[in-house]
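Student: Here is my input, please return the structure:
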Amino acid sequence: MENYKVYPVFDIEVDKAEGHKVFDKNGDEYLDLYGGHAVISIGHSHPRYVKAITEQVNKIGFYSNSVKMPLQDKLAKKLGELSGYEDYNLFLCNSGAEANENALKLASFKNGRKKIIAFKKGFHGRTSLAVAVTDSTKIQAAVNPSDHVLQFELGDIDGVKSALSQQDVACVIIEGIQGIGGIYEPSSEFMNELSEACQETGTVLISDEIQSGYGRSGKFFAHQHYGVKADLITVAKGMGNGFPIGGVLISPEFEAEFGQLGTTFGGNHLACAAGNAVLEVIEEESLMENASKVGSYLIEELSKINQVKEVRGKGLLIGADFDFAVKEIRGRLVKEYKIFTGAASNPNTLRLLPPMGISTKEVDTFITALKSVL
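Tutor: Prediction:
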């Protein structure tokens with residue numbers, strides 16, 4: 001049996017990682033400006049993180065959600081404090097797609113409606129409901145019907161308002177900043193009008209913060225840049241710094257009912273140990289502030305390069321557009337300068353999602369290499 005090929009891969013076998021660097025089996029060092037799809041939030045192999053998981057697995061690694069787990073309560077409390085959503089509840093699961101799947105069902109449970117509003121260039125996961133609201137026919141199979149989904153261009157508030165007033169819409173799902181689509185931000189005006197329209201029509205507003213959340217944008221959640229609150233907020237990726245964990249932050253207006261939500265592995269002891277360590281490091285090392293400062297510097301330096309046509313994003317969630325596909329740029333950065341960067345669904349967009357503790361010195365290393373490649 002062979003490994004099923006699902007991704008194009010670089011011919012590099014990563015053997016270990018530390019901080020903002022990964023090392024191949026030959027000991028060669030690479031600068032990580034991609035963070036494994038924005039998963040590595042606090043840096044690879046952070047001592048606090050490694051210690052927490054090691055100590056926990058020596059006690060107990062897993063038991064079902066049929067027993068009390070103080071680690072879950074600790075995670076929910078600290079997440080509420082750092083995010084500003086202290087009065088919300090937290091449902092823990094295993095991934096971003098699972099978080100979105102449950103959020104979409106919760107919305108329909110609440111108001112009994114059937115339709116969903118989503119946006120062009122959006123990406124929400126590969127499970128049934130999540131893939132239906134994702135703007136990619138490539139990953140939608142015949143068994144993934146999407147006739148209940150209404151898709152609009154990001155910013156089309158008139159279209160959204162019309163649908164909300166005429167259709168049986170359960171919820172609107174929107175990324176705080178679109179990630180895979182190419183780092184596109186909704187405007188503050190659009191987000192505020194959207195929030196108001198949802199409140200007026202009893203429509204649930206879901207903020208997908210799976211890639212844009214956990215401090216990466218300079219605020220805990222990207223939608224907080226626009227001054228709005230969401231009814232449901234989905235998280236994953238940077239939440240576990242590599243350990244699989246996801247969650248849904250749920251407004252106190254939702255009544256919990258036994259049996260509506262469930263998970264075997266979600267919120268297990270190891271996942272919560274990892275999640276608690278991540279929040280502690282984010283707070284103690286001021287990583288949100290660093291993401292804002294270093295991200296602004298990186299955006300400024302990218303904007304000075306003539307071949308870069310547009311730079312989008314906030315904090316360390318950045319997309320740089322060119323007039324040509326970036327595949328060769330990414331390949332040469334890895335081969336010649338040992339720097340990992342990311343791609344987007346737009347082939348001309350270079351996506352940068354480094355660990356949040358990265359320094360301006362490392363940014364300079366990247367900018368010098370990028371200029372040389374260009």
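Student: starting at the chain centroid, how far to stretch 124-138?
Tutor: Relative to the centre of its chain, stretch 124-138 is centred 15 Å away, using CA atoms, centre = their mean, to the nearest Å.
Student: how long is it end to end?
Tutor: End-to-end span of stretch 124-138 (CA to CA, to the nearest Å): 14 Å.
Student: As a check, name the ranges of all helices in the stretch 251-374 of the chain.
Tutor: 269-284, 287-303, 327-337, 360-373 (DSSP state H, counting those that start in this stretch).
Student: how about those helices in TSV, adding mean neighbour count, mean pLDDT and distance to Gln211?
Tutor: C-betas here are computed from N, CA, C, even on glycine. Formatted as TSV, the helices of the stretch 251-374 of the chain follow (neighbours: other CB atoms under 10 Å; pLDDT from 0 to 100; distance: least, CB to CB, whole Å):
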stretch	mean neighbour count	mean pLDDT	distance to Gln211
helix 269-284	22	98	15
helix 287-303	19	98	13
helix 327-337	15	97	18
helix 360-373	16	98	20
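Student: For Ser165, find the nearest of those.
Tutor: Closest approach to Ser165 among the helices of the stretch 251-374 of the chain is made by helix 287-303 (37.8 Å; CB to CB).
Student: and the closest one, what does it pack onto?
Tutor: Contacts defined by 3 or more CB pairs under 8 Å, 6 or more residues apart in numbering; DSSP states H and E place helix 287-303 against strand 310-314, strand 317-321, helix 360-373.
Student: ok so, going back, select, out of the helices of the stretch 251-374 of the chain, the one closest to Lys138.
Tutor: Among those, the nearest to Lys138 by CB to CB is helix 327-337 (17.3 Å).
Student: Output the closest one as PDB - backbone C-alpha positions only.
Tutor: What follows is helix 327-337, C-alpha atoms only, in PDB (Å, rounded to 0.1, in the frame of the first residue of the first chain):
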ATOM      1  CA  LYS A 327       4.700  28.900  -8.300                       C
ATOM      2  CA  GLU A 328       8.200  29.500  -9.600                       C
ATOM      3  CA  ILE A 329       8.900  32.100  -6.900                       C
ATOM      4  CA  ARG A 330       7.800  29.700  -4.200                       C
ATOM      5  CA  GLY A 331      10.000  26.900  -5.600                       C
ATOM      6  CA  ARG A 332      13.100  29.100  -6.000                       C
ATOM      7  CA  LEU A 333      12.600  30.600  -2.400                       C
ATOM      8  CA  VAL A 334      12.700  27.000  -1.100                       C
ATOM      9  CA  LYS A 335      15.500  25.700  -3.300                       C
ATOM     10  CA  GLU A 336      17.800  28.700  -3.300                       C
ATOM     11  CA  TYR A 337      17.100  30.500  -0.100                       C
END
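Student: which residues are in contact with that helix?
Tutor: If you take CB atoms under 8 Å, 6 or more residues apart in numbering as the criterion, helix 327-337 is touched by 10, 12, 30, 322, 339-343, 347, 350, 369-370, 372-374.
Student: from those residues, which single one is nearest Phe265?
Tutor: Nearest to Phe265 among the contacts of helix 327-337 is Gly342, at 27.4 Å by CB to CB.
Student: how near is that closest one to Lys138?
Tutor: From Gly342 over to Lys138 the distance is 18 Å, taken as CB to CB, to the nearest Å.
Student: center of this protein, which residue is that?
Tutor: Gln211 (1.2 Å; CA atoms, centre = their mean).
Student: my read: it touches Glu175, true?
Tutor: Yes - assessed by CB atoms under 8 Å, Gln211 is found in contact with Glu175 at 7.2 Å.
Student: ranges for the helices of the stretch 101-250 of the chain?
Tutor: 128-132, 157-166, 188-201.
Student: For these, could you give me CSV that also reports mean pLDDT?
Tutor: Below are these laid out as CSV (pLDDT from 0 to 100):
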stretch, mean pLDDT
helix 128-132, 95
helix 157-166, 96
helix 188-201, 98
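Student: So which of those helices is the most surrounded?
Tutor: Counting by mean count of other CB atoms under 10 Å, helix 128-132 has the highest mean neighbour count of these, with a mean of 21.
Student: which helices and strands sit right next to it?
Tutor: Here helix 128-132 touches helix 96-111, going by 3+ CB pairs under 8 Å, 6+ apart.
Student: now for the helix it packs on, which elements pack on it?
Tutor: Secondary-structure packing of helix 96-111 (3+ CB pairs under 8 Å, 6+ apart): strand 89-93, helix 128-132, strand 169-175, strand 204-208, strand 232-235, strand 246-250.
Student: Let's have the ones you listed in JSON lines, adding distance to Ser66.
Tutor: Converted to JSON lines, those look like this (distance: least, CB to CB, whole Å):
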{"stretch": "strand 89-93", "distance to Ser66": "14"}
{"stretch": "helix 128-132", "distance to Ser66": "26"}
{"stretch": "strand 169-175", "distance to Ser66": "30"}
{"stretch": "strand 204-208", "distance to Ser66": "28"}
{"stretch": "strand 232-235", "distance to Ser66": "24"}
{"stretch": "strand 246-250", "distance to Ser66": "19"}
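Student: of the ones you listed, which approaches Glu55 most closely?
Tutor: Taking CB to CB, strand 89-93 is the member of the helices and strands packed on helix 96-111 nearest to Glu55, at 19.9 Å.
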